[in-house]
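>>> Below are the sequence and a predicted model; questions follow.
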Amino acid sequence: MRYNFIFCLLILFSCTKSNENDDVSVYKSKWDRQKISNYEFTLRVNCFCPQEVTGPHVIKVVADTIASVNDLVYDPSTMDYLMTIDELFVYVGTSLDRNPYQKSIVYNAIYGYPESVFFDFEKNMVDEEIGFQITDFVKN
């Protein structure tokens, strides 16, 4: 019985927790291997923000740059909160570096991009949470 207990302890202590930044690197590599530079997707921003921010936004990316949003020419001066998938990976990595109070990231099994992202950065602060949800992804 004692040996079983020691064996279980050894197994428990030999396990290491996955680092979320490692997950970002793994899925970013998967995304990069796809070599997708022209695509479109629908983005919803989940925050305590006006609807023009939260969307949904149909984003068309050409040559890794946002070309249009909801069939209008992209204007970075008024739509700087919108991101390409590569920019979303950067956002996820820097947000994890901030050691958020709560976080949730779900990656697409086929392409590797973040399908669903949520961060609550402060335990005792209200309305600073932010999330992103990508749907309707299509390669062009």
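Received the coordinates, thanks.

>>> Could I have the CA atoms of stretch 111-123 written out in PDB?
What follows is stretch 111-123, C-alpha atoms only, in PDB (Å, rounded to 0.1, in the frame of the first residue of the first chain):
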ATOM      1  CA  TYR A 111      -6.300  25.700 -38.900                       C
ATOM      2  CA  GLY A 112      -5.100  26.500 -35.400                       C
ATOM      3  CA  TYR A 113      -6.400  30.100 -35.100                       C
ATOM      4  CA  PRO A 114      -8.100  31.200 -31.900                       C
ATOM      5  CA  GLU A 115     -11.800  30.700 -32.300                       C
ATOM      6  CA  SER A 116     -12.800  32.000 -28.900                       C
ATOM      7  CA  VAL A 117     -10.800  34.200 -26.500                       C
ATOM      8  CA  PHE A 118     -11.700  35.700 -23.200                       C
ATOM      9  CA  PHE A 119      -9.700  37.600 -20.600                       C
ATOM     10  CA  ASP A 120     -10.700  39.000 -17.300                       C
ATOM     11  CA  PHE A 121      -7.600  40.900 -16.200                       C
ATOM     12  CA  GLU A 122      -8.600  42.100 -12.700                       C
ATOM     13  CA  LYS A 123     -10.500  40.200 -10.100                       C
END
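
>>> how about that stretch: buried residues?
111, 112, 113, 114, 115, 116, 117, 118, 119 (16 or more other CB atoms under 10 Å). For every residue, glycine as well, the C-beta is placed using N, CA and C.

>>> who does the last one bridge with?
The reference is to residue 119. As for beta bridges, residue 119 partners with residue 103, residue 130 under DSSP bridges.

>>> For the residue nearest the centre of the chain, give its distance to residue 94.
With distances taken as CA atoms, centre = their mean, the residue of the chain nearest its centroid is residue 114 (3.9 Å). From residue 114 across to residue 94, the span is 13 Å (CB to CB, to the nearest Å).

>>> Residue 61 too?
For residue 61, the distance to residue 94 - CB to CB - is 20 Å.
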